[in-house]
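Undergrad: Okay, here's the prediction I keep looking at, along with the sequence it came from:
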Amino acid sequence: MSRIRLDGVSVTFPIYSAASRSFKNIVISATTGGRVGKDRSKHVCVQALDNVSLDISRGDRVGLVGHNGAGKTTLLRVMAGIYEPQEGRVEIDGKVTPMFDVSLGIDPESTGHENIVLRGLYMGLSKAEILGKMDGIVAFTELGEFLSLPVKTYSEGMQARLAFAIATCIEPEILLLDEGIGAGDAAFLAKANQRMAAYIESTGILVLASHSEELIRKFCNKVILMEHGRVLWMGDVDEGFLHYRQTMSHEIAPARDEPVPLAWVT
Amino acid sequence: MPKRRLNEALGDLVEGLARWQLWVLLGWNDIRQRYRRSIVGPFWITISMAVMIGGLGYMYAELFNQRLDEYLVYLAAGIIVFNLMSSVLTDGTQVFISSARAILQAKAPLSIYVYQMIWRNMLIFLHNISIQLILLIIFQVKIGPSVVLALAGLFLIMINSIWAAILLGGLSARFRDIPPIVASLMQVAFFLTPIFWKRENLPNREAFVDLNPFYYFIEVVRMPLLGQIPPLRIWLVVAAMTCVGGLISLVFFARYRRRIAYWI
């Protein structure tokens, strides 16, 4: 049973200017009292999520849309349990696999094999589990002998292959994606696309934040439209994009030409 | 302090420990990266430490009118143990800041990065302690079963490293002035702690030694390494620091653990 429930969740980021991050200012404010101290407690805050309530259940494939800074990434991080919100309740049922940065934990000095183990450990697998999946990952990368060389000798496309193969080697219950997973060169694309589709298919819940309408239409059956940290609308994909265009039309030009993640260009 | 927060903080420490495969590997990688492609690899740590001990030892033995062999083993043990504590504390200030990227990618116990840092410094310590062993063999210092106590002392240093790194790492993420403060304090502490000199050299200023926390931690490892048994007073002070520091750090961690992701 996978489910994500958010109830009145608010997240505020304190913006520590160099002044308030400095220990000196706090010591001084303690001795001078009053004025400086006031400045400190008044540091600027950014409200990244404002009273967000959601209910996502098994089978939902949710596309998060909204302008830059609408709170998509913060919402994903709340769902992943990285940010614990100041207000509201978060209930997550099921194992969450966040996939925000595929190259996390790739150590350029280590070999391909070593990196497969390292990345797997980062994802919370045990060494034995990773070694069990090793053959499958190795076969999928098609990197052969190169896997015994340090990753820094790889071309970018090869690094992307490796990262992609490791990242998608598990079956997620709740998959959180921020934009796409790049998979490198064109020859690898068809294969990556297929794997990506199967990977997303196998998950109980998908939440995908993206600016690409094509991508969301391909994988999602629901849309959450966000603006200024609030959920404006949640529901059907077609209607969602209708609302999205409306909100865009009276805002500044949208960032439509953001790079579309390679793996999903067909 | 709600009990739930306390349980979450303790859970973080326990779960982090259970992820040992990750932090052991990360710690190794840290060391490998530093000495990649050098011929002797991590033994550069040992060589530079040996050069320092040899040079300083030869000079200060004359300065303090000490027998070279006795002075060298005393100095080596002191420097090596102090070096461990000093790097744990300075690295401790960076423990969450330097792992920011990983912390913001997935939910994982924050203590993983603390254990990684302590493990890395233990590996460096194990390289360095070989100097001490060589000196003990060369000068045929008689050390009895008391050496086992050095392991107990080392264990206490590790336990204290955990609470100190959590406290310093968390505070440093919030207040970015703390890392340089700690770095300069450690430099001063190196000279204020009986490493080159002995407590007996300072008959009128014993407070300098008695109020110095590093003194006690050095003695619980150094004395057994030199074949002596640390007096009860030393053990009690170390035990007290372990309890008080551990408690303060635990309360801090319970209170601010969830804020650390916002600070980094």
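TA: Yep, that arrived. Residues are numbered from 1 along each chain as shown, chains lettered A, B, ... in the order given.
Undergrad: Compute the number of surrounding residues for B:Ile124.
TA: 23 (other Cβ atoms under 10 Å in any protein chain shown). From N, CA and C alone the C-beta is placed, and that goes for glycine too.
Undergrad: meant to ask about B:Ser87, not that
TA: When neighbours are counted by other Cβ under 10 Å, B:Ser87 registers 17.
Undergrad: distance of it from chain A?
TA: From B:Ser87 across to chain A, the span is 21 Å (Cβ to the nearest Cβ, to the nearest Å).
Undergrad: what ranges do the helices span in the stretch 51-200 of chain B?
TA: Secondary structure of the stretch 51-200 of chain B (DSSP state H, counting those that start in this stretch): helices located at B:68-93, B:100-103, B:111-138, B:147-174, B:178-192.
Undergrad: wait, B:Phe82 sits on B:Asn212?
TA: No. B:Phe82 lies out of contact with B:Asn212 (Cβ atoms under 8 Å); the separation is 11.1 Å.
Undergrad: least reliable of the helices of the stretch 51-200 of chain B going by mean pLDDT?
TA: Per-stretch averages of pLDDT across the helices of the stretch 51-200 of chain B put helix B:100-103 at the bottom, with a mean of 89.
Undergrad: Point out the other helices and strands that it packs with.
TA: Under the contact definition 3 or more Cβ pairs under 8 Å, 6 or more residues apart in numbering or on different chains; DSSP states H and E, helix B:100-103 sits against no other helix or strand.
Undergrad: buried residues in it?
TA: Residues B:102-103 are the ones in helix B:100-103 that count as buried (16 or more other Cβ atoms under 10 Å in any protein chain shown).
Undergrad: Can you tell me what sits against that helix?
TA: A:82, A:101, A:104-105, A:122, B:96, B:108, B:110, B:113, B:260-261, B:264 (Cβ atoms under 8 Å, 6 or more residues apart in numbering or on different chains).
Undergrad: Out of the helices of the stretch 51-200 of chain B, which one sits most buried?
TA: helix B:68-93 (a mean of 22; mean count of other Cβ atoms under 10 Å in any protein chain shown).
Undergrad: what helices or strands is that helix leaning on?
TA: Judged by 3+ Cβ pairs under 8 Å, 6+ apart, helix B:68-93 is in contact with helix B:43-63, helix B:111-138, helix B:147-174, helix B:178-192, helix B:213-225.
Undergrad: Now tabulate these in a markdown table and tack on distance to chain A.
TA: As requested, these are arranged in a markdown table below (distance: least, Cβ to the nearest Cβ, whole Å):
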| stretch | distance to chain A |
| --- | --- |
| helix B:43-63 | 16 |
| helix B:111-138 | 10 |
| helix B:147-174 | 7 |
| helix B:178-192 | 6 |
| helix B:213-225 | 21 |
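Undergrad: need the ones you listed in CSV with distance to A:Ser202, can you?
TA: As requested, the helices and strands packed on helix B:68-93 are exported to CSV (distance: least, Cβ to Cβ, whole Å):
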stretch, distance to A:Ser202
helix B:43-63, 47
helix B:111-138, 28
helix B:147-174, 37
helix B:178-192, 44
helix B:213-225, 52
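Undergrad: In contact with residue 9, which residues?
TA: In the absence of a named chain, this looks at chain A. With Cβ under 8 Å, 6+ apart as the criterion, the residues that contact A:Val9 are A:49, A:51-53, A:78, A:85, A:87-90.
Undergrad: my bad, the chain I had in mind was chain B
TA: Shown here is B:Ala9, whose contacts under the criterion Cβ under 8 Å, 6+ apart are B:250, B:253-254, B:257.
Undergrad: In terms of helices and strands, where is it?
TA: Element membership of B:Ala9 [criterion: DSSP states H and E] is helix B:3-18.
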